[in-house]
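1. Structure, please.
(chains A, B, C and D)
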There are 2 protein chains.
Amino acid sequence: MARKQPEVTAETRQNIIDAYWQLIMSDTVNKITVKMIAERAGYNRGTFYSYFLDIEDLQSQIEDELLPSEESFEKLRKATISKNSKEILDVFMQIEDSVGIKLSFLLGPSGSLSFQCKFKESLKSLIIKYLPLDLNVDDKTIDYKTEMLCGLFYETINYWYRSGNKVFKNEEMISLMMDTIFYGVVGYKFHKENWEELHGNNK
Amino acid sequence: MARKQPEVTAETRQNIIDAYWQLIMSDTVNKITVKMIAERAGYNRGTFYSYFLDIEDLQSQIEDELLPSEESFEKLRKATISKNSKEILDVFMQIEDSVGIKLSFLLGPSGSLSFQCKFKESLKSLIIKYLPLDLNVDDKTIDYKTEMLCGLFYETINYWYRSGNKVFKNEEMISLMMDTIFYGVVGYKFHKENWEELHGNNK
DNA sequence: TATAACCCAACAACGTGTTGTGCTATAATG
DNA sequence: CATTATAGCACAACACGTTGTTGGGTTATA
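-> This next block holds a predicted model:
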C-alpha cells in the first residue's frame, strides 16, 4: 500500500511509468520486477510503493488512459451525419506517435489480455451507443451482428497498426473496412460455388 | 529442469495437469504456484519438477493440444466440396464436453493471450491452405481480407462458446456466420444512408 | 531383492511489501 | 538574512513466500 500519500510528484510518477514502458516493450525481458522498474527509473525500490500498490496497479492505471474515448466516437457520429469521411479516419487512426506505439504493443501478442478485453468492451459499448440499427433486423441476431461489427473494427485497427500504416493510405484502409462491413469478405470464391448452392440464394 | 527423466508416469502427469486446470478455471485464484498445483494433485512439490520444467512449460504443453488440427480442416475442405453442411458444423462446434470448456476458458478474458495468438495463427494458416481464393481480387487487399475472414471465424467461435450454444442451433450459427462473411454485417442501417452517398455506390 | 515412483527435509537465491531512519534541497518563518 | 521546517527520496533491514535443486528415505510392485 502507498505509504506516504501526500508526498508524491507527477513527474516522478511519470518517470516510473516510462521505465515500465521501456521494460515491457523491450522484448529481451519477460519477467518484470519492482526492482527493475525502480532501477530503470533511477529511484529506490521503496519509492515505487509510494506511487503504486504493486505492478498490477501500475499496469491498470496506464491501460485505462489508452482506451477509446467517448469524445472520439462523438466525432464519428458527427462524421457519419455530416458525411465527412476524413473525420471518420481521424477517430481510428489518430496515431499520435508515442500513443500509437503503445497501443499497438498492448494489442499485440506480447501485450496485455486484460487491455485487449477492455478495449473490445469500450469499442462495443460505443458502437451500440453511436451506430444506428436497422429495426427490421431480427432481435435474435443483432447481438451476434454487433459482436462481428465490433470484431471487424478491432481487427482493422490491429491490422492498421501491424502494417505500420505502410500498405494502405488512411482513405484506402477505411474504405476497405467499410466495404467489408457492408458487402462481406469478398475475395474468397468458395461461397459462390458452394455456399449458395447449399442453402439456396435466399439472401 | 526435470531431474529423473525415465521415472515418470502418464497417469501422474495427467493428474498434475488436471490439478492445474482446476486451479486456473476456479476464478477464486489469481496467482498460481507450484506448491498449489502439487497439493491439489496430491503430490509432493518436488514431483512436479520431475514432469515439467516450470509452470510455463506445463501451460504451453496443454495449450498445444487444443489448437485447431489439420484433420479438422481437412474435413472442412471435403465438406465444402461435397456440399455437406452438417460436416462444416462439426469442425467448429465439436465441443466434446471437457474440451469445449477448456477452449472457451483459454479464449476468454481470464484465459491465455499466448494461446489466443497461437489459435488465430493456426486458424489463419488453415484458412489460407484450404479456402480457395478468387484470383480476380487485388493482391494488395487479399492479406487484409484473409485477416478479416480469420477474425470472423474467430469471433464466431468465441460467440458460440460464450453463448453456451443456447442462442442458436448449430445450423443457425453457421448460417449466420456464412451470411456475415458473404453479405457483410447487415443490420446497421447507417451505411445505406451515409456510406454509399459518401463514396457513391461503386461496389 | 531390486527398482520405479514418490515423499520429505533442507538449501540458497530471489522477489515482495513494509518499516524506521537519515539525507538534501527548497520553502516558509522570525 | 539566518533558521527552521518540510517534501521527496535514499538506505538498510525485516519477515515472508516462491523458486529450483539436492540427498536421502519410503513403499509397492515385479
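2. near DNA strand D, which residues of chain A?
-> Residues of chain A found near DNA strand D (CB under 7 Å from any atom of the strand) are A:4, A:6-9, A:11-12, A:42-47, A:50. Backbone N, C-alpha and C define where each C-beta goes, glycine included.
3. Looking at chain A, which helix is longest?
-> helix A:139-162 (DSSP state H).
4. any idea which helix or strand carries the most centrally placed residue in chain A?
-> The centroid of chain A falls nearest to A:F119 when counting by CA atoms, centre = their mean (4.9 Å). According to DSSP states H and E, A:F119 maps onto helix A:113-130.
5. Quick one: mean pLDDT over that helix.
-> Across helix A:113-130, pLDDT averages out at 89.
6. helices and strands around that helix, which ones?
-> helix A:55-64, helix A:70-82, helix A:98-106, helix A:139-162, helix B:113-130 (3 or more CB pairs under 8 Å, 6 or more residues apart in numbering or on different chains; DSSP states H and E).
7. what sits against the nearest residue to A:I101 once chain neighbours are set aside?
-> By the measure of CB to CB, 6 or more residues apart in numbering or on different chains, the closest residue to A:I101 outside its immediate chain neighbours is A:M25, 7.8 Å from it. Going by CB atoms under 8 Å, 6 or more residues apart in numbering or on different chains, A:M25 touches A:101-102, A:105.
8. Quickly note the distance from A:M25 to A:F105.
-> 6 Å (CB to CB, to the nearest Å).
9. Neighbours of A:Y159, how many?
-> 19 (other CB atoms under 10 Å in any protein chain shown).
10. go on, A:E147?
-> A:E147: 21 surrounding residues under other CB under 10 Å.
11. just the CA coordinates of the helix holding A:F119, formatted as CSV?
-> The C-alpha trace of helix A:113-130 is given here as CSV (Å, rounded to 0.1, in the frame of the first residue of the first chain):
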residue,chain,number,x,y,z
LEU,A,113,-5.0,-9.6,-22.5
SER,A,114,-6.9,-7.5,-19.9
PHE,A,115,-6.3,-4.4,-22.0
GLN,A,116,-7.5,-6.1,-25.2
CYS,A,117,-10.7,-7.2,-23.4
LYS,A,118,-11.3,-3.7,-22.0
PHE,A,119,-10.5,-2.2,-25.5
LYS,A,120,-13.1,-4.5,-27.1
GLU,A,121,-15.7,-3.7,-24.5
SER,A,122,-15.2,0.0,-24.9
LEU,A,123,-15.5,-0.4,-28.6
LYS,A,124,-18.6,-2.5,-28.3
SER,A,125,-20.4,-0.1,-26.0
LEU,A,126,-19.5,2.9,-28.2
ILE,A,127,-20.7,1.1,-31.3
ILE,A,128,-24.0,0.3,-29.6
LYS,A,129,-24.4,3.8,-28.5
TYR,A,130,-23.5,5.7,-31.7
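12. residues making contact with that helix?
-> In this structure, residues lying in contact with helix A:113-130 by CB under 8 Å, 6+ apart are A:59-60, A:63-64, A:66-68, A:70, A:73-74, A:76-77, A:106-107, A:146-147, A:149-150, A:153-154, B:109, B:111-113, B:116.
13. Which members of these are classed as buried?
-> Those of the contacts of helix A:113-130 that meet the buried threshold are A:59, A:63, A:66, A:68, A:73, A:76-77, A:106-107, A:146-147, A:149-150, A:153-154, B:111-113, B:116, by 16 or more other CB atoms under 10 Å in any protein chain shown.
14. Now do the buried residues in the strand or helix carrying A:D179.
-> A:D179 is part of helix A:170-183 when elements are defined by DSSP H and E. Counting neighbours by 16+ other CB under 10 Å, one finds that the buried residues in helix A:170-183 are A:170, A:173-182.
15. close to chain B, is it?
-> Yes - against chain B, helix A:170-183 shows contacts by CB under 8 Å from any CB of the partner chain at A:175-176, A:178-183.
16. Now do that helix against helix B:170-183, angle only.
-> Helix A:170-183 and helix B:170-183 are oriented at 140 degrees to each other (axes from the mean of the first three to the mean of the last three CA atoms, to 10 degrees).
17. elements contacting helix A:170-183?
-> So helix A:170-183, by 3+ CB pairs under 8 Å, 6+ apart, packs with helix A:85-92, helix A:139-162, helix B:139-162.
18. returning to what we had before: quick one: which of the helices and strands packed on helix A:113-130 is nearest DNA strand C?
-> helix A:55-64 (5.9 Å; CB to the nearest atom of the strand).
19. Test my guess that A:F168 contacts A:L176.
-> Yes - assessed by CB atoms under 8 Å, A:F168 is found in contact with A:L176 at 6.7 Å.
20. intersection of neighbour lists for these two?
-> Listed as contacting both A:F168 and A:L176 by CB under 8 Å, 6+ apart are B:Y144.
21. and chain A, what are its domains?
-> Split into domains by automatic domain parsing, chain A comes to A:10-64, A:70-197.
22. Please identify the most buried of the ones you listed.
-> Across the domains of chain A, averaging neighbours per residue (mean count of other CB atoms under 10 Å in any protein chain shown) puts domain A:70-197 on top, at a mean of 17.
23. does chain B sit close to stretch A:153-167?
-> Yes - using CB under 8 Å from any CB, stretch A:153-167 reaches chain B at A:154-156, A:159, A:167.
24. Nearest to DNA strand D among the residues you listed?
-> Closest to DNA strand D, out of all of those and judged by CB to the nearest atom of the strand, is A:Y154, at 33.2 Å.
25. Identify the residues contacting the closest one.
-> A:119-120, A:123, B:151.
26. Kindly report the same for A:N30.
-> Contacts of A:N30 by CB under 8 Å, 6+ apart: none found.
27. that's a helix at it, yeah?
-> No - going by DSSP: H, G, I helix; E, B strand; the rest coil, the assignment for A:N30 is coil, not a helix.
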